[in-house]
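Visitor: any chance you could fold what I've pasted below:
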Amino acid sequence: MADPRVQTVGIMEVAALSGFSPATVSRALRGLPGVSTKTREAVERAAASLGYAPSPWATALTTGRTNAIAVIAPWVSRWFFSAVIEGVQEVLSACGYDLMLYPFGVDGELDARALTKRVDGVLALNVPLAHRAIEGLDDLGVPIVTVGTAMEGISAVLVDNVAVGRQATQHLLDLGHRRIAFFGSETEENRRFTVASDRQRGYHDALRAAGIEPDPELSFPTDFSINGGEAALHRSVGRFGPSADRPTAVFAVSDEVAIGGLHAARLHQIQVPKDMSFIGVDGHDFAYLFDLSTISQPVRDQGRIAARLLLQQVNDPGAGPTAVNVGCELIRRASTGPVGGGAPRS
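Guide: Prediction:
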């Protein structure tokens with residue numbers, strides 16, 4: 001019975017098969033001068049037949065490159081982050097780079113020294129500006145690109161979240177809504193992030209532009225989860241009951257929050273959109289299943305753009321920082337409609 005263990009093929013095995021010295025094989029496989037074309041081709045044939053792959057650590061010692069990129073993020077299980085990482089991985093794989101994932105959690109910690117000499121660059125996904133996870137990244141001496149967080153002197157892929165908040169709220173205003181709730185006010189978890197506060201600022205701006213002073217009673221704290229949206233709707237019902245002061249529409253800080261709100265609305269026999277309209281943000285893959293209106297952002301494209309920016313800086317250390325702003329799109333579905341009416345169809 002054959003040994004099931006994987007046998008490592010190294011320089012010595014390639015040298016034995018090709019008939020050349022280990023030193024010659026090493027120079028041939030690294031593309032160094034002093035090796036004839038005929039010898040190089042013979043070595044490459046031997047290496048291919050054995051399934052030889054160079055050790056990444058040995059390559060790093062020789063070239064100073066690891067061909068690995070670190071991605072740091074507060075979460076990886078939430079849809080936004082997993083979708084961004086999917087876009088990053090697509091570009092890195094096509095360019096021969098490995099992705100090393102470092103989730104740290106909002107209250108977690110990342111020792112930047114752990115990345116020293118292990119990666120060629122760092123992608124930071126929506127890392128709060130004040131979070132200790134970003135402390136020390138500058139000292140690594142490798143390029144850094146952020147997604148969703150603007151940092152001076154660092155390349156970034158950004159969404160104008162204030163404009164997103166205005167656009168979502170304006171959609172509800174255009175449908176005649178005046179009592180518009182916001183699900184996404186600051187919690188202990190998202191206080192360090194600017195996304196929720198920026199979207200709420202856009203919500204306030206749109207209301208004031210329409211001559212409506214924002215009512216603090218209509219703002220409900222949530223995280224970015226389905227459970228958070230469900231809890232916010234329950235609190236709204238508890239606060240207003242069936243009174244005329246109850247909101248007729250909800251702007252949720254994310255699609256997942258909106259989905260949680262929709263679920264809770266059914267439990268309270270609130271008809272959507274007749275009794276209450278809902279709009280979220282992100283363009284979640286499952287938003288269409290809930291007929292959810294949303295401000296859709298190109299999430300996977302943000303990962304692709306960020307990865308390309310980072311590889312550009314890895315290969316050209318002299319390249320200056322670049323900020324790329326991506327646009328968003330209103331997608332109208334049946335979760336939003338006129339006050340007391342049905343959902344308009346386009």
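Visitor: and residue 47, how far is that from residue 37?
Guide: Applying CB to CB, to the nearest Å, the value for residue 47 to residue 37 is 16 Å. C-beta here means a position set from N, CA and C on the backbone, and glycine is covered the same way.
Visitor: more neighbours: which of those two?
Guide: residue 47 (21 against 8; other CB atoms under 10 Å).
Visitor: which residues touch residue 212?
Guide: Counting by CB atoms under 8 Å, 6 or more residues apart in numbering, residue 212 touches residue 178.
Visitor: quick one: secondary structure of it?
Guide: Of the three states, residue 212 takes coil according to DSSP: H, G, I helix; E, B strand; the rest coil.
Visitor: mind pulling up the pLDDT for it?
Guide: For residue 212, the pLDDT comes out at 97.
Visitor: likewise the one 5 residues further on?
Guide: Looking at residue 217, its pLDDT stands at 96.
Visitor: contacting residues for it?
Guide: By CB under 8 Å, 6+ apart, the neighbours of residue 217 are residue 239.
Visitor: distance of it from residue 44?
Guide: Residue 217 is 72 Å from residue 44, by CB to CB.
Visitor: could you do residue 312 as well?
Guide: 30 Å.
Visitor: what about residue 104, how many neighbours?
Guide: 17.
Visitor: again with residue 35
Guide: Residue 35, neighbours per other CB under 10 Å, totals 19.
Visitor: isn't it up against residue 24?
Guide: Yes. At 6.5 Å, residue 35 counts as touching residue 24 under the criterion of CB atoms under 8 Å.
Visitor: overlap in contacts of the two?
Guide: Joint contacts of residue 35 and residue 24 (CB under 8 Å, 6+ apart) are residue 43.
Visitor: tell me where the model's unsure across this protein.
Guide: 1-7, 54-64, 105-114, 116, 129-136, 138, 187-192, 341-346 (pLDDT under 70).
Visitor: go with 80
Guide: 1-9, 29-32, 53-66, 104-117, 127-140, 186-193, 340-346 (pLDDT under 80).
Visitor: now the strands for it?
Guide: For the chain, applying DSSP state E gives strands covering 68-73, 98-103, 121-125, 144-147, 155-158, 180-185, 219-221, 249-252, 277-282, 293-296, 323-325, 329-331.
Visitor: nearest spatial neighbour of the residue lying farthest from the centre of the chain, chain-adjacent residues omitted?
Guide: Among the C-alpha atoms of the chain, the one most distant from their mean position (CA atoms, centre = their mean) is that of residue 19, at 50.0 Å. Closest residue to residue 19 apart from its sequence neighbours, by CB to CB, 6 or more residues apart in numbering: residue 42 at 7.8 Å.
Visitor: residue contacts, the one you found?
Guide: So residue 42 contacts 18-20 (CB under 8 Å, 6+ apart).
Visitor: okay if I get those residues as TSV plus distance to residue 221?
Guide: Converted to TSV, the contacts of residue 42 look like this (distance: CB to CB, whole Å):
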residue	distance to residue 221
18	67
19	72
20	68
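Visitor: quick one: which of those is nearest to residue 91?
Guide: residue 18 (35.0 Å; CB to CB).
Visitor: can you name the residues that contact that closest one?
Guide: Applying CB under 8 Å, 6+ apart, the residues contacting residue 18 are 25, 42-43, 45-47.
Visitor: got it, and residue 185?
Guide: Residue 185 neighbours (CB under 8 Å, 6+ apart): 196, 200, 219-222.
Visitor: buried deepest among the strands of the chain, which one?
Guide: strand 249-252 (a mean of 30; mean count of other CB atoms under 10 Å).
Visitor: and that strand, what does it pack against?
Guide: If you count contacts as 3 or more CB pairs under 8 Å, 6 or more residues apart in numbering; DSSP states H and E, strand 249-252 packs onto helix 161-174, strand 180-185, helix 226-240, helix 255-267, strand 277-282.
Visitor: now the third one and strand 180-185, what's the angle there?
Guide: This points to helix 226-240. Relative orientation of helix 226-240 versus strand 180-185 (axes from the mean of the first three to the mean of the last three CA atoms, to 10 degrees): 130 degrees.
Visitor: go on, the fourth one?
Guide: Interaxial angle, helix 255-267 versus strand 180-185 (the same axes, to 10 degrees): 120 degrees.
Visitor: just the first one next, same as before
Guide: Put simply, helix 161-174 runs at 150 degrees to strand 180-185, going by the same axes, to 10 degrees.
Visitor: if you count neighbours, what's buried in helix 161-174?
Guide: Using 16 or more other CB atoms under 10 Å as the test for burial, helix 161-174 gives 161-173.
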